[in-house]
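Trainee: Give me a 3D structure for the following:
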Amino acid sequence: MENPTLLGVDSEAVPIESSEQLAEPEDPSTAMEDYYALIRELLVTTLVLIGIIFPAVWFRYDVNVALNYLLGACTGMLYLRLLGKNVEKLGQGGSVGKSQVAVLAGVIIAATQIEQLSILPIFLGFLTFKAGIFVYTLRYVSATRS
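Mentor: Numbering: from 1, shown residues only. Next up is the predicted model:
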């Protein structure tokens, strides 16, 4: 049998790495700690954004629009938390549920039925968690480049 090398490459130039040279898999407990830290940081970042955006909306628009935004933002936080729990179950060998989608659907349905609620501020408030993910990503990328 031939020497283990990359196909089409000189056998003396580039040998295939042996199993001892490959990186060891990360410890599962360390990986879960990293995951919990990530979720915690995403939740805190989203809360900070809500703390900045909510007063700005209240200042610019009336209190009803600001409270609708806050309802959507709280729904987004709940969605992010449920999504994190589902991913955690997946990491432990479980299956992923669809409960987090029901949260958004329930709030949007309530907004269409209740006259005091407005769909657009609720939906934009819900998207605040995505802005939190974006801010976290920018911070992570800038930290790894430094």
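
Trainee: for this structure, what helix or strand is lowest in average pLDDT?
Mentor: helix 99-113 (a mean of 84; mean pLDDT, DSSP states H and E).

Trainee: What lies in contact with it?
Mentor: For helix 99-113, contacts defined as CB atoms under 8 Å, 6 or more residues apart in numbering pick out 68, 71-72, 75, 78-79, 82-83, 86, 117-119, 122-123, 126. To be clear about C-beta, it is placed using only N, CA and C from the backbone, and glycine gets the same treatment.

Trainee: list the buried ones in it?
Mentor: Neighbour counts over helix 99-113 (16 or more other CB atoms under 10 Å) mark 100, 103, 104, 107, 108, 111 as buried.

Trainee: which residues touch residue 134?
Mentor: Here residue 134 is in contact with no residue (CB under 8 Å, 6+ apart).

Trainee: Quick check: chain neighbours aside, which residue is closest to the residue nearest in space to the middle of the chain?
Mentor: Centroid-nearest residue in the chain: residue 133, 5.6 Å away (criterion: CA atoms, centre = their mean). The shortest distance from residue 133 to any non-neighbouring residue, by CB to CB, 6 or more residues apart in numbering, is to residue 42 (6.3 Å).

Trainee: give me the element that neighbour is part of.
Mentor: Applying DSSP states H and E as the criterion places residue 42 in helix 28-60.

Trainee: Pull the distance from that helix to the chain's centre.
Mentor: 9 Å (CA atoms, centre = their mean, to the nearest Å).

Trainee: elements contacting it?
Mentor: Where contact means 3 or more CB pairs under 8 Å, 6 or more residues apart in numbering; DSSP states H and E, helix 28-60 is packed against helix 63-91, helix 128-145.

Trainee: buried stuff in the longest one?
Mentor: Meaning helix 63-91. For helix 63-91, a neighbour-count test (16+ other CB under 10 Å) marks 65-84, 86 as buried.
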